[in-house]
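J.: Prediction below, plus the sequence it came from.
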Amino acid sequence: MVTFTEAAVDYLKEALDTGDILRVRVKGGGCSGFQYDLEVQEEEQIADDDLISEEHGFKVVIDKKSSFMLDQTVVDYQNTLAQSGFKFLNPKATKTCGCGTSFSC
């Protein structure tokens, strides 16, 4: 299961509307083979085999294929002079790119 740091939760609470659904998934691509992806979705976009959890007042959806690669991942939100955005701390990632948005397992 994916967890969120306090900073990520604070950002998401400001960014999401009540009832929004956050999809967390892994897509092919990036310099290391896979990319993390966050997307706001509608209820009708949830598949029957998606994993659904309620996190800090918002619904999180993960497809089964992504759930394997995202298990025990912590999603953080960082805002520095150099960059701002989500950072994925994934213990299953064996290699990551310099920007931190792609990985391999």
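T.: Received the coordinates, thanks.

J.: From here on, just use CA atoms for contacts and neighbour counts.
T.: Fine.

J.: Go through the chain and flag its longest helix.
T.: helix 6-15 (DSSP state H).

J.: which is the next helix or strand following that helix?
T.: Heading C-terminal from helix 6-15, the first helix or strand you meet, by DSSP states H and E, is strand 21-28.

J.: Now that next one: buried residues?
T.: 21, 22, 23, 24, 25, 26 (16 or more other CA atoms under 10 Å).

J.: Just the helices from the protein, written as ranges.
T.: 6-15, 64-70.

J.: Deepest in the core, which of these is it.
T.: When you average the neighbours per residue for each of these (mean count of other CA atoms under 10 Å), helix 64-70 leads with a mean of 17.

J.: Which strands and helices lie in contact with that helix?
T.: Packing contacts for helix 64-70, counted by 3 or more CA pairs under 8 Å, 6 or more residues apart in numbering; DSSP states H and E, involve strand 21-28.

J.: Give the pairing partners of the strand it packs on; include direction for each.
T.: strand 34-41 (antiparallel), strand 58-62 (parallel) (DSSP bridges).

J.: Tell me which of these sits nearest to residue 13.
T.: strand 58-62 (8.0 Å; CA to CA).

J.: what angle sits between that closest one and helix 6-15?
T.: 110 degrees (axes from the mean of the first three to the mean of the last three CA atoms, to 10 degrees).

J.: what is the rounded mean pLDDT of strand 58-62?
T.: Mean per-residue pLDDT for strand 58-62: 93.

J.: tell me which residues of that strand are tucked away?
T.: For strand 58-62, by 16+ other CA under 10 Å, it's 58, 59, 60, 61, 62.

J.: how about those residues in CSV, adding distance to residue 36?
T.: Shown next, in CSV, are the buried residues of strand 58-62 (distance: CA to CA, whole Å):
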residue, distance to residue 36
58, 19
59, 18
60, 14
61, 14
62, 12
